[in-house]
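Visitor: predicted model and sequence below, questions to follow.
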Amino acid sequence: MSATSPVRPVLPPDIRARKGSAPLVVLTAYSTPVARLVDAHCDIVLVGDSVGMVIHGLPSTLGVTMEMMILHGRAVVRGAQKAMPVIDMPFGSYEESPEQAFRNAARLMAETGAPAVKLEGGVHMAETIAFLTARGVPVMAHVGLTPQAVNTLGGYKVVGREGEAEKVMADARAVEAAGAFAVVLEKVPEGLAGRITEALSIPTIGIGAGVACDGQVLVVDDMLGLFTDFRPKFVKRYAELGKAADEAIAAYAAEVRARSFPAAEHSFPDVVPVKK
Ligand code: KIV
């Protein structure tokens, strides 16, 4: 591609066509600068409803609103040139009826410019996914551990061991049949995730679901190590930015207290020096 020709953005059919080929790389982002960093290396940039916990300090994703998803969605779309932005539908915005889901999905797409949405749920959301996909809303599904159902699941547990495996397989098959272009498998045992990946014709994107999935997703703040107190087993920390930020802020505070910051090079002289 020449320097002047625009980069063609990734769209849902491109993601679907990647089934069984090079692994899909997905990270979350909630702001323009982080979306730019993610865009350079990833296929999809997910505006997850994890934004509520990561950015807004909420105890779960249940308090996330349409307004929050639109605000962060717009910021991310501005930063994504090539990777495909996908916006999470927040809790309460799609479960009531397919019509409610369509209204809110259309609003997310129209007001952010993102070409796709993600929603949680398997068999019980299949009718809604079919309704949306038939009306021009590409849907990424999300089964296994569905964090919006944390209170009915009884915690952020692995979902799909022993007797639960067939239910997770049925959920994955249902969202595929309903027209989802990809499905996130969260905290699903690795053997089951592998069997689901083999059984489906759409890409599976794992988070805590082992290496057999067609792609992987992580929350960007987790993999960058921005939190010092949150270390789930499925997150590999590729950096320790939380520690680096803590050290930088401590150094700044010490220098301000010692009056060694700002130094002359950070200050403006009263008279502009004459250039020789
Ligand atoms: O909200 C989110 O960030 C997600 C990913 C973890 C899959 O749904």
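Guide: Good, I have the coordinates.

Visitor: which stretches of this structure have low pLDDT?
Guide: Residue ranges of the chain with pLDDT under 70: 1-6.

Visitor: if we go to 90?
Guide: In the prediction, the chain carries residues with pLDDT under 90 at positions 1-9, 20, 162, 227-232, 272-276.

Visitor: just the strands in the stretch 1-150 of the chain please.
Guide: Assigned strands in the stretch 1-150 of the chain, in chain order: 24-28, 44-47, 84-88, 116-120, 139-144 (criterion: DSSP state E, counting those that start in this stretch).

Visitor: reformat these as JSON lines; add distance to Glu127 and mean neighbour count.
Guide: C-beta coordinates here come from the backbone N, C-alpha and C atoms, glycine included. Shown next, in JSON lines, are the strands of the stretch 1-150 of the chain (distance: least, Cβ to Cβ, whole Å; neighbours: other Cβ atoms under 10 Å):
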{"stretch": "strand 24-28", "distance to Glu127": "26", "mean neighbour count": "24"}
{"stretch": "strand 44-47", "distance to Glu127": "24", "mean neighbour count": "29"}
{"stretch": "strand 84-88", "distance to Glu127": "20", "mean neighbour count": "27"}
{"stretch": "strand 116-120", "distance to Glu127": "12", "mean neighbour count": "25"}
{"stretch": "strand 139-144", "distance to Glu127": "12", "mean neighbour count": "29"}
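
Visitor: can I get the ones you listed in TSV including distance to the ligand?
Guide: As requested, these are exported to TSV (distance: least, Cβ to the nearest ligand atom, whole Å):
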stretch	distance to the ligand
strand 24-28	5
strand 44-47	6
strand 84-88	5
strand 116-120	7
strand 139-144	6
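
Visitor: same list, those, but as TSV with distance to Pro9 please.
Guide: Output for the strands of the stretch 1-150 of the chain, formatted as TSV (distance: least, Cβ to Cβ, whole Å):
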stretch	distance to Pro9
strand 24-28	15
strand 44-47	11
strand 84-88	6
strand 116-120	11
strand 139-144	16
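
Visitor: quick one: name the residues of the stretch 151-276 of the chain near the ligand.
Guide: Residues of the stretch 151-276 of the chain found near the ligand (Cβ under 6 Å from any ligand atom) are 184, 186, 207, 217, 219.
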